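# Model the structure of this input:
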Amino acid sequence: MIVDLSHVLQTGIQIYPGDPEVEIKEALNVEKDFVNVLAVNMGSQSGTHVDSPFHVFADGKKLSEVELSHFIGTGVVIDATGLSDRQEIPTERFTGTDVSGASIAVVRTDWSQFFGSDRYLAHPFPNIESLEYLKSHGITTIALDFLSLDRTPGTGEDFTLANHYFWSQGDGIIGENFTNLKAITVRRPQISMLPLNLGASDGAPVRAIASW
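Numbers count the residues shown, from 1 in each chain. All right, here's what the predicted structure looks like:
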């Protein structure tokens, strides 16, 4: 079984506030130019994507410097469903999950159902203790079905990247805006989230899949 975990990249897709807008339009067509070609303009953090450490650290590893093995491996699904807007994910959702033998933690909140709406910005988020648990048990990559590893601030709330800073130390990889995690029916799927080869970049869109 193969399950697609990626949002469709298209013009106007929801982005993190302040990021470049996505625009995809016809550049050539077969009637006039013999071939169909699209012109694609977007930021590196568009749609379902990964962050390299360079996203938050000036001296962090760029995408081209991260081993490809960080984007493919045995995943473990962490059930963080049933939470409220802007709720911190209870630590026991992580510590109560056996992650041994996995390298990719897939955090399922089902918040992807709100993708494209304002409510998507009010996603749940983990705390440092939970991330410490994952790292200490051999997890190198974390994949989320919501906008950001950190709380996305609402009106009057402070901006923070504490979770990004913690996870991105060394080779830590963050995958954001995954979707369709409810279609994964096993606890230990194989995960592939290979990014576009944008070279020395902070991140790139991925075509993420789970298989078993």
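# A helix includes Gly73, no?
No. Assessed with DSSP: H, G, I helix; E, B strand; the rest coil, Gly73 is strand; it does not lie in a helix.
# ok, it to Gly138 distance?
When distance is defined by CB to CB, to the nearest Å, Gly73 is 10 Å away from Gly138. (Glycine included, C-beta is placed from N, CA and C.)
# what's the overlap in contacts for these two?
Ala102, Ser103 (CB atoms under 8 Å, 6 or more residues apart in numbering).
# ok, the two, which is more surrounded?
Using other CB atoms under 10 Å as the criterion, Gly73 and Gly138 rank with Gly73 on top: 16 against 11.
# Spatially nearest residue to the more buried one, not counting backbone neighbours?
Ser103 (3.8 Å; CB to CB, 6 or more residues apart in numbering).
# Give me the most central residue, this structure.
Taking CA atoms, centre = their mean, the centroid of the chain lies closest to Glu176, which sits 1.6 Å from it.
# Okay, and the beta partners of the closest residue to that one other than its chain neighbours?
Nearest non-adjacent residue to Glu176, counting by CB to CB, 6+ apart: Leu144, 5.4 Å away. When bridges are called by DSSP bridges, Leu144 pairs up with Val107.
# Which parts of this structure are strands?
In the chain, the strands defined using DSSP state E lie at 2-4, 23-28, 37-41, 49-51, 72-79, 104-108, 141-144, 173-176, 190-192, 203-205, 209-211.
# CSV for the ones you listed, including distance to Leu131 and mean pLDDT?
CSV is the format used below for these (distance: least, CB to CB, whole Å; pLDDT from 0 to 100):
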stretch, distance to Leu131, mean pLDDT
strand 2-4, 25, 99
strand 23-28, 34, 99
strand 37-41, 33, 99
strand 49-51, 14, 99
strand 72-79, 12, 99
strand 104-108, 9, 99
strand 141-144, 8, 99
strand 173-176, 10, 99
strand 190-192, 18, 99
strand 203-205, 18, 99
strand 209-211, 22, 99
